[in-house]
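Q: can you look at this prediction? I've put the sequence above it.
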Amino acid sequence: MDIKMEIAKSLSAVCSVSAEEIAAAVEVPANGEMGDYAYPCFRLAKVMRKAPPLIAQEIGEKIEKPVGVARVQIVGAYVNFFLDKSAYAKEVLQTVLEQGTQYGKSEVGKGKTIVIDYSSPNIAKPFHVGHLRSTVIGNALYQIHARLGYHCVGINHLGDWGTQFGKLIVAYRKWGSKEAVEKDGIQELMRIYVKFHDEAEQMPELNDEARLWFVKMQDGDEEALSLWKWFYDISIQEFERVYDMLGVRFDAYTGESFYNDKMAPVVEELKEKGLLKESEGAMIVDLEEENMPPCLIIRKDGGTLYATRDITAALYRKKTYDFDKCIYLTALDQNLHFAQWFAVIKKMGYDWYKDLIHVPFGLVSLDSGKLSTRHGNVVLMEDLLHQAIAETKKIIEEKNPSLPEKEAVAKKVGIGAVIFNDLYNTRIKDVVFSWERMLNFDGETGPYVQYTHARACSILRKAETFQTSEVDFSKLDDEATMQVCKLLEAFPAKIQDAAAKLEPSVLTRHLVVIAQAFNKFYHDNPILSSETDVRLARLAVVVAVKTVLAEGLRLLGIDAPEQM
Ligand code: ARG
C-alpha cells in the first residue's frame, strides 16, 4: 500500500490537480503533532483562485478519508493526515516479514545492463587506500543495482599497460633479481621502479630504453611480455588477497593490456572520421570547441595512452554488453580525463556517449600517526584492513571477552567499519580515517548498525518463534514503533534513490537512522517481559528491523554478524 498515493488520490478527487502532482507535494511534517503527512495548499491558490487557508477548509469539508488514515485535520493552509497507526504498522511489518530478505527487491532495472568500472588499481604498484574508495563504492553500486533487477557487469580495468612497464623491465634487468621479486613481490617491484626514477634524473637515456621496451611489449616481443606477465601475476595475487578480505568480486579483469590489439582499428576510425590531428609529432583530437585541452591519442614515439585505451574499451564494452549505462569510479582528479575522452566518443558520432558516466569521489586522508605506514607514505590496503581487525579485536576483548568466534566477528566488524566509514558521506567528500570515530559502537558507524542488528538477533534468540498470522498488530500504536515502521517502509525507495543518484550514502545513512529509531523503540518498549500479545507484536518489529538492517548492510558490501 502506498499511503502517500492514497492520500494524493483523495485530495485529487476534491481539487482539480492530478494525484501524481499532489503526491510530489505531500510532506512529512517534522513534528508528529502536525500529522504523519501534510499537504500545503499554497500551490492551489492560483488554480482555484482563493486564499490557501480557505482552500484547506473546503478540502477538509469535502475530502473522503483516504485508506489507512484515521483522521484529517486542517491547520491554516495545511491539510494534515494522521495515520491509523496499528493498521499502518500491520501493513508495513507484514510486508517485511512476508518478503524477508527479498524486501526492497524490485524489477525497475529489468532488461537493462549497467557496466561498472571500479577498483582498477595499477599493477606492480601497491594497492593503497586511494583504491579503497573506488572498490567499495563500486561494489555497493553493483549490489544496489543488482537488487533492482539490473544486469550488472563489474569490470576491473587494471592499469596494466603503458610506458611504466617499460621502465619496470629496464629496472628489473639492471637492478632486480628473481629471488628478490619472488620474496617481496610488489614491494620489490616498487623499490626498483623508484630507483629507476632516481637514476633517470642523471641518465635520461634510461627513459628512451624504457620506451623501447614498451614498444616491444606492444609488438608482442616474447621476452618483454613474459616479464610483464610475471609482474602481472604477482600483482594480481596480492590484489586478490585484499578483494577476498573485502568480499569483492569482478565479472571481468579486462585491464588496459586487454586492448593492446584493439586500438589500431579505433585509431583508424578516428582518422577516417577526420578527428585525428598531428601536433608536435603526436596525434591528438582537438577539443577546442569543447573548451578542453586536446585528447592525446598517440605519443610522439608511437606509444598509446590511458585515453586511447579508455576510448577503445568503451567501444568494446558497447559492442560486447550493449550497456544502458557504463559508469567509472575514480577520484575526482580524473574529471578532465573522462570529460575529454567522453567528448571524443561524442565527436565520433556515437550518441551513447550520454550513457558514459564518470562517478567521482573525494580523497582519503589519514588521521596521521594512527596508521602504520610500514612503507614510506603509502598506506597499504592490506595493512589498513589488518589494523582495523586488530583494533576491533581490542574492543571486543574489552566489551565482550566471552564472545564465540571472536576472530571471525572482529574481521566482519573491523572491515565493515572501514567500508561503512567510506560510504557514510556523499562520495564527493573526502574521507578521513580515524579509528576512534569509525569504530565507535555508539556513533554513526558500521559497528553501531551491526551492533543494533546483533542486539535484535539476541532478543530473537531469547524469544519464542512465532507466525506472522499470530501477531495482533493492534498492540502497536506508540510513536517509537510508528517511527520504525515509517523508516522500514522507506527502505525500498532509498535503494532506488541510491541507485538513481549513484550514491550509496543514501542507504548508509538510512540504516543509521533505522538503528537509532530501533534503539529508541527498544528503550521505550519492554519486549521479553511483556504479556504474550504485546510481546509477539513487538517481536514482529524486531524481526523486521533485523531483516532490513542485514539486507541493507549486504547491499553496502558489509556482513552482519548475529553476535557481537
Ligand atoms: N588505473 C586507474 C588509476 O589507478 C583507474 C582506472 C579507472 N578506469 C578507467 N576505465 N579509466 O588511476
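A: That came through, no problem.

Q: isn't Leu476 right next to Ser86, touching?
A: Yes. Using Cβ atoms under 8 Å, Leu476 makes contact with Ser86 at a distance of 5.4 Å. From N, CA and C alone the C-beta is placed, and that goes for glycine too.

Q: neighbour count winner among these two?
A: Each of Leu476 and Ser86 has its neighbours counted (other Cβ atoms under 10 Å); Leu476 has more, 27 against 20.

Q: now the residue nearest to that one when sequence neighbours are not counted: which helix or strand?
A: Counting by Cβ to Cβ, 6 or more residues apart in numbering, Leu476 lies nearest to Ala89, which is 4.2 Å off, once chain neighbours are set aside. Using DSSP states H and E, Ala89 maps to helix 85-99.

Q: so after that helix, what's the next helix or strand?
A: From helix 85-99, the next helix or strand downstream (DSSP H and E) is strand 113-117.

Q: rewinding a little: how far off centre is the helix holding Ala89?
A: 28 Å (Cα atoms, centre = their mean, to the nearest Å).

Q: and it, what's buried?
A: Judged by neighbour count (16 or more other Cβ atoms under 10 Å), helix 85-99 contains these buried residues: Lys85, Ser86, Ala87, Tyr88, Ala89, Lys90, Glu91, Val92, Leu93, Gln94, Val96, Leu97.

Q: as TSV, these with distance to Ala124 and pLDDT would be great.
A: Formatted as TSV, these follow (distance: Cβ to Cβ, whole Å; pLDDT from 0 to 100):
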residue	distance to Ala124	pLDDT
Lys85	61	93
Ser86	63	93
Ala87	62	93
Tyr88	58	94
Ala89	57	96
Lys90	59	95
Glu91	57	93
Val92	52	96
Leu93	54	97
Gln94	55	96
Val96	48	98
Leu97	52	97
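
Q: is Leu296 in a helix, a strand, or coil?
A: Put simply, Leu296 is strand when judged by DSSP: H, G, I helix; E, B strand; the rest coil.

Q: what are the bridge partners for it, then?
A: Going by DSSP bridges, Leu296 is paired in beta bridges with Ile284.

Q: okay, now Ser510: neighbour count?
A: Not Ser; residue 510 is His. Around His510 there are 20 residues (other Cβ under 10 Å).

Q: OK, contacts around the closest residue to it other than its chain neighbours?
A: Leaving out its chain neighbours, the residue that sits closest to His510 by Cβ to Cβ, 6+ apart is Lys494, at 4.5 Å. Contact partners of Lys494, counting by Cβ atoms under 8 Å, 6 or more residues apart in numbering, are Val506, Leu507, His510.

Q: output the contacting helices and strands for the strand or helix carrying Val153.
A: In this structure, Val153 is located in strand 151-155 according to DSSP H and E. Under the contact definition 3 or more Cβ pairs under 8 Å, 6 or more residues apart in numbering; DSSP states H and E, strand 151-155 sits against strand 113-117, helix 130-147, helix 306-321.

Q: up against the ligand, what does the stretch 101-250 of the chain have?
A: Asp117, Ser120, Pro121, Asn122, His157, Gly159 (Cβ under 6 Å from any ligand atom).

Q: and stretch 131-144, what's its mean pLDDT?
A: For stretch 131-144, mean pLDDT is 97.

Q: how about stretch 43-59?
A: Model confidence over stretch 43-59, given as mean pLDDT, is 92.

Q: dump the C-alpha coordinates for it into PDB.
A: Extracted C-alpha coordinates of stretch 43-59, given in PDB (Å, rounded to 0.1, in the frame of the first residue of the first chain):
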ATOM      1  CA  ARG A  43       0.100  25.800  -4.800                       C
ATOM      2  CA  LEU A  44      -3.700  25.500  -5.400                       C
ATOM      3  CA  ALA A  45      -4.200  29.200  -4.800                       C
ATOM      4  CA  LYS A  46      -3.500  30.000  -8.500                       C
ATOM      5  CA  VAL A  47      -5.700  27.300  -9.900                       C
ATOM      6  CA  MET A  48      -8.600  27.700  -7.500                       C
ATOM      7  CA  ARG A  49      -8.300  31.500  -7.200                       C
ATOM      8  CA  LYS A  50      -8.800  31.500  -3.400                       C
ATOM      9  CA  ALA A  51      -6.700  32.100  -0.300                       C
ATOM     10  CA  PRO A  52      -4.800  28.900   0.700                       C
ATOM     11  CA  PRO A  53      -6.500  28.600   4.200                       C
ATOM     12  CA  LEU A  54      -9.900  28.800   2.600                       C
ATOM     13  CA  ILE A  55      -8.900  26.100   0.100                       C
ATOM     14  CA  ALA A  56      -7.700  23.900   3.000                       C
ATOM     15  CA  GLN A  57     -11.100  24.500   4.800                       C
ATOM     16  CA  GLU A  58     -13.000  23.400   1.700                       C
ATOM     17  CA  ILE A  59     -10.900  20.400   1.200                       C
END
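
Q: so the closest residue to Asn156 other than its chain neighbours: helix, strand or coil?
A: Setting aside the residues directly before and after it, Asn156 is nearest to Phe250 in space (Cβ to Cβ, 6+ apart), at 4.4 Å. Per three-state DSSP, the local secondary structure of Phe250 is coil.

Q: give me every residue that touches Phe250.
A: Per Cβ under 8 Å, 6+ apart, neighbours of Phe250: Ser119, Gly154, Ile155, Asn156, Tyr243.

Q: on that earlier part again, show me what contacts the residue nearest to Leu476?
A: The contact partners of Ala89, by Cβ under 8 Å, 6+ apart, come to Phe473, Leu476, Asp477, Thr481, Met482, Cys485, Val541.

Q: apply 10 Å and report the result again.
A: Going by Cβ atoms under 10 Å, 6 or more residues apart in numbering, Ala89 touches 83, 471, 473-478, 481-482, 484-486, 488-489, 537, 540-541, 544.

Q: before we move on, what about Cys457?
A: Counting by Cβ under 10 Å, 6+ apart, Cys457 touches Val542, Val543, Lys546, Leu549, Ala550, Ala560, Pro561, Glu562, Gln563, Met564.

Q: so the third one makes contact with Leu488?
A: Read that as Lys546. No. Lys546 lies out of contact with Leu488 (Cβ atoms under 10 Å); the separation is 11.0 Å.

Q: now for those two: what residues contact both?
A: Val96, Phe518.

Q: just to revisit the earlier point, buried ones in the host helix or strand of the residue nearest to His510?
A: Assigning secondary structure by DSSP H and E places Lys494 in helix 479-501. Going by neighbour count (16+ other Cβ under 10 Å), the buried part of helix 479-501 is 480-492, 494-496, 498-499.

Q: now the angle from the helix or strand following that helix to helix 130-147?
A: Next helix or strand after helix 479-501 toward the C-terminus (DSSP H and E): helix 505-524. Relative orientation of helix 505-524 versus helix 130-147 (axes from the mean of the first three to the mean of the last three Cα atoms, to 10 degrees): 80 degrees.

Q: which elements pack onto the helix or strand following helix 505-524?
A: Moving toward the C-terminus from helix 505-524, the next helix or strand (DSSP H and E) is helix 532-556. Where contact means 3 or more Cβ pairs under 10 Å, 6 or more residues apart in numbering; DSSP states H and E, helix 532-556 is packed against helix 85-99, helix 130-147, helix 406-424, helix 446-462, helix 479-501, helix 505-524.
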